[in-house]
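Student: Can you look at this prediction? I've put the sequence above it.
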Amino acid sequence: MLRVAAVVACAMAQQPGVHVEEHHPNMPLWTCDSSGCTKQTKTVVLDANWRWLHNGEYTNCYKDGDFDTTLCPDPVACAKNCHLEGNTAEQYTSTYGIEEIENGVQLSFVTKTKYGSNFGSRIYMLDESNKYQIFKLKNREFAMTADMFYMPCGLNGAVYFVEMDADGGEARAAASGGSNQAGAKYGTGYCDAQCPHDMKFMEGKANVIGWNTSHDPPIGKWGSCCAEMDIWEANSKATAYTPHPCSITGPYVCEGIDCGDNSKDQRYDGVCDKDGCDFNSWRLGDRSFYGRGTGFTVNSRSCRAVRPPQSSLR
């Protein structure tokens, strides 16, 4: 599962909303072999963590960093009571800063609206409207173009693969007694090797147990773990790619020591390798490989985005 991100997160639900029909922005994908390349028009979907979470009408299930205790008294009830709303094409751009451009998509880090500011986003490529694109890269090559011209030091424009379920976790939720009817169409089922605790739902159950609003971002008892391959973690000054293997296969809901929590000094005791084995040219001794300017082999200023301050992916 290919994930593209510009960091930060908000709220997640498990039932499809009824107010707005979900729109998926287009993004091309070329598949090549010895006979040539074929262009396909795929789509991308916004991660459920950024979406409006409500009771099927207009009451928020999640607001100001906390769950509504009436709608979310326990993990299963919350997933059954709460709906994940869709977004129009206009909302993708004006609210989340996700815009179709020629042969790619463009992501804004800060998007200001009359209701406040949105920071970052995370999108996944879809194979069908309700299935994620699954990439099988053994004995194959993956290539892309990323525009980092306006990406300053301190930000991370990331492209990476994570071992999510193609259906967004619908079948896994049903098997575990949870409820997820929104699925990949609404960007559900995220996991990575850091076993994030800020995911609001896992396997169709709300992460309400021990939900800690004093933490930034708020976190719950459970973490969402899976293997991760970072293809591109970069800004205009630095870049790295990093494999993060795990001892488990596929998405795994962790708790306790399995999560490898830093706060409990258990980082190296969990099911995933959080540090990974990264390749960063500067740290490994090549100080002229990547950076801003003509003195670098890869000049991050050689390509310009459509308008600042944004980054784009092709």
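Tutor: Nice, I can see it.

Student: Tell me, how many residues neighbour residue 240?
Tutor: 18 (other Cβ atoms under 10 Å). For glycine as for every other residue, the C-beta is placed from the backbone atoms N, C-alpha and C.

Student: which residues are contacting the host helix or strand of it?
Tutor: Assigned by DSSP states H and E, residue 240 belongs to strand 239-244. Contacts to strand 239-244, defined as Cβ atoms under 8 Å, 6 or more residues apart in numbering, come from residues 192-193, 227-234, 272-281, 290.

Student: and the residues you listed, which are buried?
Tutor: 192-193, 227-234, 272-274, 276, 281, 290 (16 or more other Cβ atoms under 10 Å).

Student: Among those, which lie within strands?
Tutor: Taking DSSP state E as the definition of strands, those contribute 228-234, 290.

Student: of all these, which comes closest to residue 159?
Tutor: Distances from residue 159 to these, taken as Cβ to Cβ, are shortest for residue 232 (4.1 Å).

Student: and the residue lying closest to that closest one once chain neighbours are set aside, how far is that from residue 272?
Tutor: Excluding the flanking residues, the one nearest residue 232 by Cβ to Cβ, 6 or more residues apart in numbering is residue 159, at 4.1 Å. Noted for residue 159: a distance of 19 Å to residue 272, by Cβ to Cβ, to the nearest Å.

Student: Same question for residue 67.
Tutor: Applying Cβ to Cβ to residue 67 and residue 272 gives a distance of 26 Å.

Student: where exactly do the helices run in the stretch 151-300 of the chain?
Tutor: 170-175 (DSSP state H, counting those that start in this stretch).

Student: so who does residue 218 touch?
Tutor: Counting by Cβ under 8 Å, 6+ apart, residue 218 touches 65-66, 198, 211-212.

Student: farthest-separated two in these?
Tutor: 66 and 198 (12.6 Å).

Student: out of those two, which sits in the busier spot?
Tutor: When residue 66 and residue 198 are compared for neighbours, residue 198 comes out ahead with 20 against 14, by other Cβ under 10 Å.

Student: Now the more buried one: closest residue in space, sequence neighbours ignored.
Tutor: residue 217 (4.6 Å).

Student: State the number of residues packed around that neighbour.
Tutor: Around residue 217 there are 14 residues (other Cβ under 10 Å).

Student: Torsion angles phi and psi at it?
Tutor: phi -80, psi 160 (degrees, to the nearest 10).

Student: didn't it look like it was pressed against residue 196?
Tutor: No - under the criterion of Cβ atoms under 8 Å, residue 217 makes no contact with residue 196, lying 9.1 Å away.

Student: wait, what's in contact with the nearest residue to residue 178 once chain neighbours are set aside?
Tutor: Leaving out its chain neighbours, the residue that sits closest to residue 178 by Cβ to Cβ, 6+ apart is residue 204, at 2.3 Å. Counting by Cβ under 8 Å, 6+ apart, residue 204 touches 14, 76, 79, 169-170, 172-174, 176-180.

Student: For residue 237, the count of nearby residues, please.
Tutor: Neighbour count of residue 237, defined by other Cβ under 10 Å: 16.

Student: How about it: what's its closest non-neighbour residue?
Tutor: Per Cβ to Cβ, 6+ apart, closest to residue 237 is residue 153, 4.9 Å.

Student: for residue 25, same thing?
Tutor: residue 100 is the one closest to residue 25 (Cβ to Cβ, 6+ apart), at 5.0 Å.

Student: cool, residue 235 as well?
Tutor: residue 151 (4.2 Å).

Student: What residues does the one you found make contact with?
Tutor: 157, 234-236, 300, 311.

Student: ok, it to residue 299 distance?
Tutor: Residue 151 sits 14 Å away from residue 299, going by Cβ to Cβ.

Student: ok, the longest strand seen in the chain: who's next to it in the sheet?
Tutor: Ranked by number of residues, the top strand in the chain under DSSP E is strand 36-46. In the sheet, strand 36-46 lines up against strand 26-33 (antiparallel), strand 122-128 (antiparallel) (DSSP bridges).
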